[in-house]
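In: please work out how this folds:
(one chain, ligands or ions: 1)
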Amino acid sequence: MYLRPFDPWKSKLCTCPFKYTLNIYTGCDHACVYCYITSYIPRAFQVRTKEGLLPGLEKELRKLDKRFIIALSYSSDPYPTIDRELKITRKVLELFKRYNIRCLLLTKSSLFERDLDILKELKCAVGITVTTVDSKKAKLLEPNAPDPLKRIRALKMAKKEGIPVYARIDPIIPFYTWGDFEKTLNALSFVSHITVSTLKLRPDSWRRMQAKFPELMEKLSPLYEKGDKIGGYYYLPREFRFQILKEAREKIERRGITFGSCREGYYSYPSCDASHLVP
Ligand code: SF4
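Out: Residues are numbered from 1 along each chain as shown. From the prediction side, this is the model:
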């Protein structure tokens with residue numbers, strides 16, 4: 001089974017409509033410090049291909065109820081570095097075209113630029129994640145992902161091609177990327193929808209953050225120690241978190257962009273995941 005019903009660890013705060021998810025690769029080499037897949041995927045930062053993916057997926061697509069969206073991808077990135085050479089994601093998109101699949105693509109790469117000719121013919125919304133437009137900070141947080149400004153340029157090209165576009169500012173890290181929020185928003189002001197999410201830590205991402213950002217974690221650790229533990233994640237204290245979300249929502253909606261929040265128990269409209277943009 002390559003397609004799986006999306007189920008974010010049965011989180012009681014997830015508000016996603018029913019959809020499928022497909023991880024074209026196992027693992028992701030963007031190697032983000034805050035990444036959560038390391039808690040359930042062994043050697044998560046080493047990308048592996050999946051045997052028999054294309055013929056197996058084609059069989060599943062033939063039988064799929066075409067009303068439902070397939071999301072690429074939540075436990076990996078559809079465009080890891082090796083896809084430049086292997087082009088497997090392009091072949092998956094060709095299958096989506098053949099079977100008239102509705103698709104929600106989310107990436108931290110700019111490589112989707114290469115596939116715009118197919119993406120514009122699909123029932124697809126394309127999104128990028130940008131935690132900050134500060135290239136230096138992004139390099140520390142997401143060492144192997146293309147520069148955020150490159151991602152944004154690629155997304156502008158997608159919009160020019162008539163593709164519905166959205167973004168995630170996720171995670172928002174207090175005392176770090178939260179300070180750049182306004183600038184990040186300005187660079188993304190052309191998108192239709194933005195989903196935000198505050199930093200949620202698992203024990204292993206907490207350790208990585210601690211090793212890479214000891215000074216920042218001196219401020220963050222006491223907050224997370226006081227905060228809630230929901231679905232295996234450490235959250236910021238609710239009041240602190242909701243203050244950030246409220247400010248983010250005001251800034252986003254003021255720009256005429258719709259607002260979503262992910263696993264926060266907060267507000268989203270018209271959807272938390274931008275699925276309303278998929279034709
Ligand atoms: S892009 Fe996503 S899946 Fe890949 S390392 Fe970063 S957070 Fe993890």
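In: pLDDT below threshold where in the stretch 101-250 of the chain?
Out: Residues of the stretch 101-250 of the chain meeting the criterion pLDDT under 70: none.
In: list the residues that contact the residue lying closest to Gly162 once chain neighbours are set aside.
Out: Nearest non-adjacent residue to Gly162, counting by CB to CB, 6 or more residues apart in numbering: Lys120, 6.0 Å away. Where C-beta positions appear, they are placed from N, C-alpha and C, glycine not excepted. Contact analysis of Lys120 by CB atoms under 8 Å, 6 or more residues apart in numbering lists 158, 161-163.
In: ranking these by neighbours, who comes first?
Out: Among the contacts of Lys120, Ala158 has the most neighbours (other CB atoms under 10 Å), with 24 neighbours.
In: dump the residue contacts of that one.
Out: 112-113, 116, 119-120, 126, 165.
In: what do you get for Arg98?
Out: Contacts of Arg98 (CB under 8 Å, 6+ apart): Leu61.
In: and the helix or strand harbouring Lys139, is it in reach of the ligand?
Out: Element membership for Lys139 (DSSP states H and E) is helix 135-141. No. If you take CB under 6 Å from any ligand atom as the test, helix 135-141 misses the ligand, and the best it gets is 8.8 Å.
In: what parts of this structure come near the ligand?
Out: 28, 30-32, 35, 37, 76-77, 108, 142.
In: right, and the helix or strand after the helix holding Lys139?
Out: For helix 135-141, the following helix or strand on the C-terminal side (DSSP H and E) is helix 148-160.
In: in that following helix, what's buried?
Out: 148, 150-152, 154-155, 158 (16 or more other CB atoms under 10 Å).
In: mind checking how far that helix is from the chain centre?
Out: 15 Å (CA atoms, centre = their mean, to the nearest Å).
In: and the next element down the chain from it?
Out: Per DSSP H and E, the first helix or strand lying C-terminal to helix 148-160 is strand 165-172.
In: helices or strands next to that following strand in the packing?
Out: Identification of packing neighbours for strand 165-172 by 3 or more CB pairs under 8 Å, 6 or more residues apart in numbering; DSSP states H and E yields strand 123-129, helix 148-160, helix 181-187, strand 193-198, helix 238-254.
In: for the ones you listed, could you give me CSV that also reports distance to Gly265?
Out: CSV is the format used below for the helices and strands packed on strand 165-172 (distance: least, CB to CB, whole Å):
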stretch, distance to Gly265
strand 123-129, 21
helix 148-160, 28
helix 181-187, 20
strand 193-198, 11
helix 238-254, 8
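In: residues near the residue of the stretch 101-250 of the chain found nearest the ligand, how many?
Out: Per CB to the nearest ligand atom, Lys108 is where the stretch 101-250 of the chain lies closest to the ligand, at 4.2 Å. When counting by other CB under 10 Å, one arrives at 23 neighbours for Lys108.
In: and if you look at Leu188?
Out: 25.
In: same check, this time on Pro279
Out: By the measure other CB under 10 Å, the count of residues near Pro279 is 9.
In: one more: Ser192?
Out: Counted with other CB under 10 Å, Ser192 comes out at 17.
In: quick one: contacts for it?
Out: If you count contacts by CB under 8 Å, 6+ apart, Ser192 has them with 164-166, 257-258, 274, 277.
In: okay if I get the residues you listed as CSV plus neighbour count?
Out: Converted to CSV, the contacts of Ser192 look like this (neighbours: other CB atoms under 10 Å):
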residue, neighbour count
Pro164, 20
Val165, 24
Tyr166, 27
Ile257, 18
Thr258, 19
Ala274, 27
Leu277, 21
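In: mind giving me CSV with those residues and columns for distance to Asp83?
Out: Converted to CSV, the contacts of Ser192 look like this (distance: CB to CB, whole Å):
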residue, distance to Asp83
Pro164, 22
Val165, 20
Tyr166, 21
Ile257, 29
Thr258, 30
Ala274, 22
Leu277, 23
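In: what's the spacing between the spatially closest residue to Cys16 that is not a sequence neighbour and the ligand?
Out: The shortest distance from Cys16 to any non-neighbouring residue, by CB to CB, 6+ apart, is to Asp273 (5.1 Å). Look at Asp273 and the ligand: by CB to the nearest ligand atom, to the nearest Å, they are 15 Å apart.
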